[in-house]
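Engineer: Just to be clear, the model below is a prediction. Sequence and coordinates:
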Amino acid sequence: MRIGEIAALAGVTTRAVRHYHQQGLLPEPERRANGYREYGLRHAVELARIRRLTELGLGLAEVKDVLADDAGRELVEVLEELDGDLARQEAAVRERRERLAALLEQARAGELPPEGPVSPDLARLFAALGPTDSAIAAKDREHLALFDSLGGPEGSGELVAALRPLADDPEFAGRVEELYGRLDELAEAAADDPRIAPLGDELVAAMPEAVLRLIAQEDAGQSLGGGFGEAFLADFPAAQAEVVRRMLAGLAERARRAGGGGRP
């Protein structure tokens, strides 16, 4: 048989046959005097087996391992590994569809925030905040959406989870709106404005205990360190950045004292 004939018989392309030759999966047949390959029935049997194995999802290196006469692994071992991989992929797809279903439910109910998709916890927090014309509020929502997504597709969710109790506080929206308004007033202010210190202290006092526990964790102090911390603060005008810096320092100190590291 010629290469086109054996490829058609096995249900593959001639390009695939040549590739299998190059990868050492399919032995090269003898050639005729005119230089054309002459394939026999055994080649068709081996080629069909290669096709069946690749259709199961095995990579060519795994197929080569299965076909090896001596050092190769048993087919059952390779298939068990493949089955495990497929099970993990299936679980991942199922989890993604569950998240998508929740997002679709929010969207159909008109509850999907413009920063979405975000986690259900953050969506609840945004809903509790309600609509606002505050520039700093819009920036804060963007930052929260960023923190919500840190750690990969699932999101770390730690900061958002720590803020979750605020969504159940009936006075939360009004208090935050007032704080946002005072921050907006500092948009054009100098970095030594006298309003900075009291506002930073009030933001510290407004944070729930769960945020303190998060900051008190071993690595929490690194979350806004280095280049990321510099970029985060640089996203604010000078006076607002000083408020945020004071708030972070105050939260760290409050967490240290709550953990027993400070004087009574």
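Structural biologist: Looks like it came in fine.
Engineer: what about the chain, any weak spots by pLDDT?
Structural biologist: 69-73, 151-157, 214-226, 259-264 (pLDDT under 70).
Engineer: Domain parsing of it, as residue ranges.
Structural biologist: 3-69, 74-112, 113-258 (automatic domain parsing).
Engineer: From the opening residue of the last one to its closing one, how far?
Structural biologist: Chord length of domain 113-258, first to last residue, is 35 Å (CA to CA, to the nearest Å).
Engineer: Reformat the domains of the chain as CSV; add mean neighbour count.
Structural biologist: C-beta: built from backbone N, CA, C; applies to glycine. What follows is the domains of the chain, written out as CSV (neighbours: other CB atoms under 10 Å):
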stretch, mean neighbour count
domain 3-69, 15
domain 74-112, 12
domain 113-258, 16
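Engineer: for Arg37, phi and psi?
Structural biologist: phi -70, psi 140 (degrees, to the nearest 10).
Engineer: residue contacts, it?
Structural biologist: 2-3, 28-31 (CB atoms under 8 Å, 6 or more residues apart in numbering).
Engineer: same deal with Glu171?
Structural biologist: For Glu171, the contact set (CB under 8 Å, 6+ apart) is empty.
Engineer: Need the phi and psi values for it.
Structural biologist: Torsion angles, degrees, to the nearest 10, at Glu171: phi -90, psi 0.
Engineer: distance of it from Ala206?
Structural biologist: 11 Å (CB to CB, to the nearest Å).
Engineer: before we move on, what about Arg52?
Structural biologist: On the measure of CB to CB, Arg52 and Ala206 end up 64 Å apart.
Engineer: what about the most far-flung residue of the chain relative to its centre, which SS state?
Structural biologist: In the chain, the residue that sits farthest from the middle, by CA atoms, centre = their mean, is Ala33; the gap is 58.9 Å. When classified by DSSP: H, G, I helix; E, B strand; the rest coil, Ala33 comes out as coil.
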